[in-house]
Every structure is written in C-alpha cells, then in structure tokens.
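> sharing a sequence plus its predicted fold:
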Amino acid sequence: GAGVSQSPSNKVTEKGKDVELRCDPISGHTALYWYRQSLGQGLEFLIYFQGNSAPDKSGLPSDRFSAERTGGSVSTLTIQRTQQEDSAVYLCASSLEGQPNEKLFFGSGTQLSVL
Amino acid sequence: AQSVTQLGSHVSVSEGALVLLRCNYSSSVPPYLFWYVQYPNQGLQLLLKYTTGATLVKGINGFEAEFKKSETSFHLTKPSAHMSDAAEYFCAVSDTGNQFYFGTGTSLTVIP
C-alpha cells in the first residue's frame, strides 16, 4: 500500500479480554516499530522488528503484551487479559532499513478503550 | 538512555506571529534529531531532521530548526504562523541504536 495501515482504527473491549492489533507497513520496509501514545505521556516505545526478528523487546510493559511479524511484513500486537490502564492509542511505524537517521512512517493508530 | 524534554505542553500564538517550540535532549553521543507533526486524526509525519552537516535545518511548511550542541537543543521555529499549523508537535532523538525517543509533545494553537 501507499502508507502504513493499522486496523482496527478503534477497538472497545471489556477488561480481561484479549485484543489483537494489526499493522501493515510500507512494502519493502524492513524495520517496524510499535509505540503507545497516552494523553500527556508522549510516545512510549514498545517493540522493534528488523525483518521478522525483534532484537529489542525492552519496551513491552508486561508479559501480557506480545508481538510478532511474519513474512517481513504484517505485524500483530496482542494484549492478553486487558486492563483499563492499557487504554491508549497504539501506533505503528516503519522505515526502510531501520537505521537511526531514517524517517519513520507512521500509521494513523488504533484507539484502544478498555471498559 | 536518551531523553527528550519539550518545554510547554501547550503553546498559543496569533496568526502571523513567530512560532517557537522548544526541545532539549540528553545524549552522550552525537544524536540524530527529528521533529514530527500530528494533525488531528492523522498519523505523525516528519517535519524535518538533523543528521550531520549544516546545523540549521529547513523542513516542510516553512518550519526550521537549529541544532545547538552546546545547549543540547533543537528548537523548532516558523516566522509566521498559519491557521493550518495547529497540531501536536513531537521532538525525537536517536543515536547509534535503533530506538527513537520522543518528547511528550507540544500542542500548538493558532489564534485568528
């Protein structure tokens, strides 16, 4: 596609349920990033993929959070047993090679609301 | 770890006035510096970046920023604000690793 695509754009779930968030990066981009954006908190780094490997999982807030990437393309962020504090906008970004001087291309995000 | 501080979570300027959004960073190595803008209901998009070379960087929509190593700053400016500049602005820094560290953002309001 022309840009980074995220789905769903909005997700409302009940506390304790599992959710899956999807990110489809720009074709050919090898690096993929997940961030969480909360009000007044800026962007919180969650995880980074280079190809299908995740060399940096340091930002995942708990073992309820996991992510995978298949075929060097689509990535899924899974949150198990959701809690109200998981409510936030989850942003995905991709870059061509994963170099620190590269531009990140962001999707429009998934707004997650946990009731 | 790197950190980014954006002074002022909300900034208001009159249309036609100077825009100044402040960003300071902490880094033990020469950093790469970025400004991203987020318009309502849209993803973040790059305004400008500093990697090497000239310390005054020009970006899209008339914005520019100057890397000042002695002050560890990368403030964003625009000589004359336009209504369409109303958005959330994020400063970010990266180094030789693969993480990008973002500030908490500054919401810019332009008053007609």
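Everything's here; your move.

> quick one: buried residues of the helix or strand bottoming out on mean pLDDT in chain A?
Each helix and strand of chain A was given a mean pLDDT (mean pLDDT, DSSP states H and E); the minimum falls on strand A:53-56 at a mean of 86. Buried positions in strand A:53-56, judged by neighbour count with 16 or more other CB atoms under 10 Å in any protein chain shown: A:Ala54, A:Asp56. Backbone N, C-alpha and C define where each C-beta goes, glycine included.

> which strands and helices lie in contact with that strand?
In terms of contact count using 3 or more CB pairs under 8 Å, 6 or more residues apart in numbering or on different chains; DSSP states H and E, strand A:53-56 is assigned the packing partners strand A:42-50.

> show me the contact partners of the strand it packs on.
Under the criterion CB atoms under 8 Å, 6 or more residues apart in numbering or on different chains, residues A:30-38, A:54-61, A:65, A:67, A:69, A:75, A:77, A:90-91, A:98, B:4, B:90, B:92, B:98-105 lie in contact with strand A:42-50.

> switch the cut-off to 6 Å
For strand A:42-50, the external contacting residues (CB atoms under 6 Å, 6 or more residues apart in numbering or on different chains) are A:31-37, A:54, A:56-57, A:59-60, A:67, A:69, A:98, B:98-99, B:102-105.

> do the same with stretch A:19-39
Judged by CB under 6 Å, 6+ apart, the contacts made with stretch A:19-39 from elsewhere in the structure are A:4-7, A:11, A:13, A:43-51, A:74-79, A:82, A:88-98, A:105, A:110.

> name only those of those that count as buried.
Members of the contacts of stretch A:19-39 classed as buried by 16+ other CB under 10 Å are A:4-6, A:11, A:13, A:43-50, A:75, A:77, A:79, A:82, A:88-95, A:98, A:105, A:110.

> excluding its backbone neighbours, what's nearest the residue nearest in space to the middle of chain B?
When chain B is reduced to its mean C-alpha position, the closest residue under CA atoms, centre = their mean turns out to be B:Trp35, at 3.7 Å. Across the structure, with CB to CB, 6 or more residues apart in numbering or on different chains as the measure, the residue nearest B:Trp35 apart from its sequence neighbours is B:Leu47 (4.3 Å).

> which SSE is the one you found in?
Under DSSP states H and E, the secondary-structure element containing B:Leu47 is strand B:45-50.
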